[in-house]
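Attaching a predicted model along with its sequence, questions to come.
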Amino acid sequence: MLIVKKKISGFQLKQIAFISMIIDHFAVIFLYRYLYEGNSYLNFLYYIFRAIGRISFPVFSFLLVEGSIQTSNRRRYLIRLLLFALISEIPYDWGTTGIWINFNYQNIFFLFFLGLLVICLFEELQKIFPVTICFLLKFMFALGSMFLAECIRVDYGYVGILIILLMYLLNNKNLSIIFSCLILTWLLKFEVFLFLAVIPILLYDGKRGKYNKYLFYVAYSVQFLVLRVLYSIILLFW
């Protein structure tokens, strides 16, 4: 029997997801404008980079659920997500569209805030209500959060909430990760590269790893600013 040794920490998983995300954002900021100009090489590069970028969301969703289990203070975790959602919105808008304030899409931290909020509500409901009523209330809150995600137009919308809740309800086990990524791939028009996220997640060793918890929150905003500034400089000399 082949035994795969799990040796990727939470910090390393975040690194993989973050690098994947930067590659995806590079394609959005630098290459999207050339997509319909007939340059087959740039078109190919755009789709390859976007495919690599698909890895990031399932990994970040998995880590959010892990964080909800391991954190010592969920309220502080929620506040942190909401705070950085607000801080990141202008860099996100400017980085992805060149417009400082754009209400058409909201950054991923709003989605993670909603996902964690529903997880917290689920656990509070279990303490108060009997099983049948609890199930109905959970179902209503889940639908409500997916509807809200669509209304405020967060990145990944209702699909993102669904995947976070699936990973949580199925206990973030190996089969749940595979099943969640299959559902995500199907709902997002068969973006098969999403399924590559299964590989690093299944190698996760259950350990957080040593890193500053604010590092990736800050880096999320900074990478939009850096990419947009570089893009603006290139346009001056192109």
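Structure's in. What do you need?

State the mean pLDDT of the strand or helix carrying Ser20.
Using DSSP states H and E, Ser20 maps to helix 10-26. In this model, helix 10-26 has an average pLDDT of 93.

what do you get for stretch 118-126?
When pLDDT is averaged along stretch 118-126, the result is 92.

With stretch 215-227 instead?
Stretch 215-227 comes out at a mean pLDDT of 93.

which of the residues in that stretch are buried?
Phe216, Tyr217, Tyr220, Ser221, Gln223, Phe224, Leu227 (16 or more other Cβ atoms under 10 Å). The way it works is simple: take the backbone N, C-alpha and C, and place the C-beta from them, glycine included.

In helices, which of those residues appear?
Phe216, Tyr217, Tyr220, Ser221, Gln223, Phe224, Leu227 (DSSP state H).

how far out from the middle of the chain is the helix or strand of the chain with the lowest mean pLDDT?
Least confident helix or strand of the chain, by mean pLDDT, DSSP states H and E, is helix 174-187 with a mean of 71. The chain centroid and the centroid of helix 174-187 are separated by 14 Å under Cα atoms, centre = their mean, to the nearest Å.

what's the answer for stretch 13-24, then?
Taking mean C-alpha positions (Cα atoms, centre = their mean), stretch 13-24 and its chain are 10 Å apart.

now stretch 158-175
12 Å.

Kindly export that stretch (C-alpha atoms) in CSV.
C-alpha atoms of stretch 158-175 as CSV (Å, rounded to 0.1, in the frame of the first residue of the first chain):
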residue,chain,number,x,y,z
TYR,A,158,-23.4,31.9,-3.5
VAL,A,159,-21.1,29.2,-4.7
GLY,A,160,-18.3,30.3,-2.4
ILE,A,161,-20.7,30.2,0.6
LEU,A,162,-21.9,26.7,-0.4
ILE,A,163,-18.4,25.4,-0.6
ILE,A,164,-17.3,26.8,2.8
LEU,A,165,-20.4,25.3,4.4
LEU,A,166,-19.9,21.9,2.7
MET,A,167,-16.3,21.8,4.0
TYR,A,168,-17.6,22.7,7.5
LEU,A,169,-20.5,20.3,7.6
LEU,A,170,-18.5,17.4,6.2
ASN,A,171,-15.8,18.1,8.8
ASN,A,172,-13.0,19.0,6.4
LYS,A,173,-12.1,15.4,5.9
ASN,A,174,-10.4,14.0,2.8
LEU,A,175,-13.6,12.9,1.1
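
That one: which residues count as buried?
So stretch 158-175, judged by 16+ other Cβ under 10 Å, has buried residues Tyr158, Val159, Gly160, Ile161, Leu162, Ile163, Ile164, Leu165, Leu166, Met167, Tyr168, Asn172.

Pipe the residues you listed into a markdown table and attach secondary structure per row.
Shown next, in a markdown table, are the buried residues of stretch 158-175 (DSSP: H, G, I helix; E, B strand; the rest coil):
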| residue | secondary structure |
| --- | --- |
| Tyr158 | helix |
| Val159 | helix |
| Gly160 | helix |
| Ile161 | helix |
| Leu162 | helix |
| Ile163 | helix |
| Ile164 | helix |
| Leu165 | helix |
| Leu166 | helix |
| Met167 | helix |
| Tyr168 | helix |
| Asn172 | coil |
